[in-house]
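Q: This is the structure alone, sequence omitted:
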Ligand code: 5AD
Ligand code: SF4
């Protein structure tokens, strides 16, 4: 192992899964004697944990890298004090998987690229880069470029370093990847097929977190409802977590309507420690669009689920995700989404403009809702949701 007083700064983009992954990487690096810093100017190593869910998410990362590079050699304290032009820069997460070694072409300053299923290799990669003795001609820069994007399964031990960013709350990954293949979604291509962690490993992680002072947890997966390990399905897992001694509160993210049922709602109503929040992305209110999105449910199925949730989980909140301007979405399709949002009365809705993504099925179809029309539909639903949310707050 490298002798080490090197400081690492991790900049996180994207979803809660990435928040947890950054924490996992911090845990692994701490074990390898790296120090963590909140100040990028003070860091010897800067890691960007990236998101590919929409073009906008990727654009933010590219400009983030650009900013670090611009500062390099001019004001970057840590690199300058060590006679280097720039800190070591790593790109990890979904964009790493999406672009692989092409990242070096667009951003030559990047030293390593590591996909979501290879994060366990980061300490060894850093050791190789740091140990690398540059030739006289390139003494000022790190010449070695490393990319690891072929991993299939994460080793279980990465979840057990005991490192938590927050004192009382932790995220617990129950499943990685996704096998739903919604036609717009990049996740199966960057995070791989659904893989469930073993029930005993999840419980062990929760129990030892609770022993170390954690009182609240969030169970994480792209589609938690599809969880299965031996005879344990998601409802059984929820019931077991509810019985963990010392745990005060827990919740879960994200649910897929196709795999959600009244059985889960009954468990939600019965589990004392479970927060009564359900995030159930609907994506569209039009049957035609739902079909082309490959969501596996109809508008009626979703509406029945929402009604039953409210009946069974008294006082529970319901939130959703919506995509406007998907390929082929007509004014009438959009109107159906509008009506659905109005009917259900979500507590919050996250509204996104459709963004074509590499490898996905929908990439083959025309992105035929003009930009201005997407923006208009986005604004209309946002306005509606604001009115609904205001009304709800007033009632409380
Ligand atoms: N374009 C726009 N929004 C998307 N989402 C996922 N993929 C895309 C895309 N290609 C949204 C979905 C999902 C949320 C996390 O991001 O609404 O639920
Ligand atoms: Fe998370 Fe999906 Fe973005 Fe990856 S692409 S960081 S899984 S939201």
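A: Yep, it's here. On a predicted model such as this, the values are computed, not experimentally measured, just so you know. Ligands and ions are numbered 1, 2, ... in the order given.

Q: Only C-alpha atoms from now on, for both contacts and neighbour counts.
A: Will do.

Q: What number of residues are in the vicinity of the nearest residue to residue 328 once chain neighbours are set aside?
A: Leaving aside its chain neighbours, residue 328 sits nearest to residue 368 (6.5 Å; criterion: CA to CA, 6 or more residues apart in numbering). A total of 14 residues lie near residue 368 under the criterion other CA atoms under 10 Å.

Q: can you check residue 275 too?
A: Neighbouring residues of residue 275 were enumerated by other CA under 10 Å; the total is 16.

Q: quick revisit: can you tell me how far the residue nearest to residue 328 is from residue 325?
A: Taken as CA to CA, to the nearest Å, the spacing of residue 368 relative to residue 325 amounts to 8 Å.

Q: same deal with residue 209?
A: Distance check for residue 209 against residue 325: by CA to CA, it reads 42 Å.

Q: what do you get for residue 256?
A: Here the distance between residue 256 and residue 325 works out to 21 Å (CA to CA).

Q: Show me which of those two is the more surrounded one.
A: Between residue 256 and residue 325, counted using other CA under 10 Å, residue 325 has the larger neighbour count: 26 against 21.

Q: List the contacts of the residue nearest to that one when sequence neighbours are not counted.
A: Spatial nearest neighbour of residue 325, excluding adjacent residues (CA to CA, 6+ apart): residue 374 at 5.0 Å. When contacts are counted by CA atoms under 8 Å, 6 or more residues apart in numbering, residue 374 is found next to 324-325, 353-354.

Q: Find the helix or strand that residue 92 is a member of.
A: With the criterion set as DSSP states H and E, the secondary-structure element containing residue 92 is strand 88-93.

Q: near ligand 1, which residues of the stretch 101-250 of the chain show up?
A: 184-185 (CA under 6 Å from any ligand atom).

Q: Pull up the gap between the closest residue to ligand 2 within the stretch 101-250 of the chain and residue 200, please.
A: With CA to the nearest ligand atom as the measure, the residue in the stretch 101-250 of the chain that lies nearest ligand 2 is residue 187; the distance is 5.2 Å. With distances taken as CA to CA, residue 187 is found 26 Å from residue 200.

Q: So between the two, which is more surrounded?
A: More neighbours surround residue 187 than the other of residue 187 and residue 200, with 23 against 10 (other CA under 10 Å).

Q: So that one sits against residue 180, correct?
A: No. With contact defined as CA atoms under 8 Å, residue 187 does not reach residue 180; the gap is 9.4 Å.

Q: residue ranges of the strands in the stretch 151-300 of the chain, please?
A: All strands of the stretch 151-300 of the chain, identified by DSSP state E, counting those that start in this stretch, fall at 169-173, 175-176, 195-196, 216-220, 228-229, 232-233, 249-253, 277-279.

Q: Can you pull the residues of the stretch 251-396 of the chain lying near ligand 1?
A: Residues of the stretch 251-396 of the chain found near ligand 1, taking CA under 6 Å from any ligand atom as the criterion, are 281, 283, 321-323, 352-357.
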